[in-house]
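Chemist: build me a model:
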Amino acid sequence: MQQSPAAHPIVEIRKLSFGYDRSRPVLRDINLEIPRGSVVGIMGQSGCGKTTLLRVIMGALRPSAGEARVLGHSTNTLDAEGLYAMRRKMGMLFQFGALFTDMSVYENVAFPLREHAALPDELLNDLVMMKLHAVGLRGAAHLAPTELSGGMARRVALARSIALDPQLILYDEPFTGLDPISFGVIVRLIRELNDSLGATSVIVTHDVQEALGVVDYVYFMAAGRVIAQGRPDEIRRSGEPFVRQFVNGSSEGPVPFHYPAPGYDADLELAAPEPQASPVMPQASH
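Modeler: Got it, this is the predicted structure:
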């Protein structure tokens with residue numbers, strides 16, 4: 001009996017490695033699966049490779065080794081036309097929103113519809129207004145991005161990311177720089193929009209506590225590897241020292257306070273100024 005498409009993960013990463021050159025590996029032997037309909041978090045410290053992995057998933061970067069299968073396609077085998085068609089089924093919320101500053105709120109949300117679909121003006125207008133209404137900003141359609149608060153701008157960017165009813169929505173640090181109210185609104189919208197659209201969401205973030213309240217599953221990264229994975233409650237109880245330190249926000253753990261340095265005494269000796277002879281004062285003449 002053949003499995004239904006819904007039974008297959010929407011994203012499959014197998015033994016994936018990536019580096020900008022051989023001397024700078026960024027991702028090492030990554031394995032993960034993202035089931036359809038789920039909200040999955042990719043978490044870890046800044047610089048651990050989270051955003052690079054997101055770029056691999058969206059096809060902006062190709063694996064150096066291993067395979068990334070997204071929406072049923074191996075990204076390594078897709079040409080420019082194939083990548084364009086795959087991205088038609090994806091939405092992306094960039095860090096800080098990345099709205100087009102010379103376009104109104106309305107035109108920002110309309111942009112992917114104009115790019116990917118030839119729609120009559122009436123239908124395009126209805127779709128834009130529906131998406132803005134879903135994020136509570138239908139009344140702000142005429143505003144410019146410079147007239148929006150940070151939280152409003154993030155919601156407009158979210159409306160733009162769902163304009164085409166994507167199967168897969170990618171979020172790159174969606175909570176950065178938000179006040180507590182805007183934070184709560186974005187968290188709720190991510191969950192509600194994912195479920196109402198029947199989509200799948202991948203959230204890259206280092207905001208652990210907030211993300212653990214909305215995701216179904218977590219992959220925890222450090223130094224380009226997945227070092228822990230599980231449901232939110234499993235991540236909170238993890239015995240992995242780095243995960244425990246990160247989740248609890250502790251200053252003590254595998255991530256040290258001090259950057260590696262030689263002994264303190266040695267640095268003090270090197271920094272000590274050499275003694276100088278006292279200046280000879282001229283004698284006053286009588």
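Chemist: and the residue nearest the centre of this structure?
Modeler: residue 172 (2.2 Å; CA atoms, centre = their mean).
Chemist: ok, it touching residue 53?
Modeler: No. Applying CB atoms under 8 Å as the test, residue 172 and residue 53 come out as separate, 10.7 Å apart. (Glycine included, C-beta is placed from N, CA and C.)
Chemist: give me the common contacts of these two.
Modeler: Residues touching both residue 172 and residue 53 by CB atoms under 8 Å, 6 or more residues apart in numbering: residue 204.
Chemist: which stretches of the stretch 151-286 of the chain form strands?
Modeler: Assigned strands in the stretch 151-286 of the chain, in chain order: 168-172, 200-205, 217-222, 225-230 (criterion: DSSP state E, counting those that start in this stretch).
Chemist: what distance separates the second one from the middle of the whole chain?
Modeler: Which is strand 200-205. Centroid displacement of strand 200-205 relative to its chain, using CA atoms, centre = their mean, to the nearest Å, is 7 Å.
Chemist: how about the shortest one?
Modeler: For strand 168-172, the distance from its own C-alpha centre to the chain's C-alpha centre is 7 Å (CA atoms, centre = their mean).
Chemist: same for it, what does it pack against?
Modeler: helix 50-57, strand 90-93, helix 180-197, strand 200-205 (3 or more CB pairs under 8 Å, 6 or more residues apart in numbering; DSSP states H and E).
Chemist: for those, which one ends up most surrounded?
Modeler: Comparing the helices and strands packed on strand 168-172 by mean neighbour count (mean count of other CB atoms under 10 Å), strand 200-205 comes out on top with a mean of 25.
Chemist: run through who's touching it.
Modeler: Contact with strand 200-205 is made by 10-11, 34-43, 50-51, 53-54, 57, 167-175, 190, 194, 211, 214-215, as judged by CB under 8 Å, 6+ apart.
Chemist: same thing but at 6 Å, please
Modeler: Identification of contacts with strand 200-205 by CB atoms under 6 Å, 6 or more residues apart in numbering yields 10, 36, 38-42, 50-51, 54, 168-173, 194, 211.
Chemist: before we move on, back to that, can you lay out the helices and strands packed on strand 168-172 as a markdown table showing mean pLDDT and distance to residue 267?
Modeler: Shown next, in a markdown table, are the helices and strands packed on strand 168-172 (pLDDT from 0 to 100; distance: least, CB to CB, whole Å):
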| stretch | mean pLDDT | distance to residue 267 |
| --- | --- | --- |
| helix 50-57 | 89 | 34 |
| strand 90-93 | 88 | 45 |
| helix 180-197 | 86 | 42 |
| strand 200-205 | 90 | 37 |
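Chemist: adding distance to residue 239, write those out as TSV.
Modeler: Output for those, formatted as TSV (distance: least, CB to CB, whole Å):
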stretch	distance to residue 239
helix 50-57	22
strand 90-93	33
helix 180-197	27
strand 200-205	22
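Chemist: closest to residue 241 out of the ones you listed?
Modeler: Of all the helices and strands packed on strand 168-172, helix 50-57 sits nearest to residue 241, with 19.4 Å by CB to CB.
Chemist: okay, now the unreliable bits of the stretch 151-286 of the chain?
Modeler: Low-confidence segments of the stretch 151-286 of the chain (pLDDT under 70): 248-260, 264, 266, 269-286.
Chemist: let me know which of the helices and strands packed on strand 168-172 is the nearest to residue 133.
Modeler: helix 180-197 (12.0 Å).
Chemist: what's in contact with the closest one?
Modeler: In contact with helix 180-197 (CB under 6 Å, 6+ apart) are residues 39, 151, 154, 162, 165, 174, 175, 201, 214.
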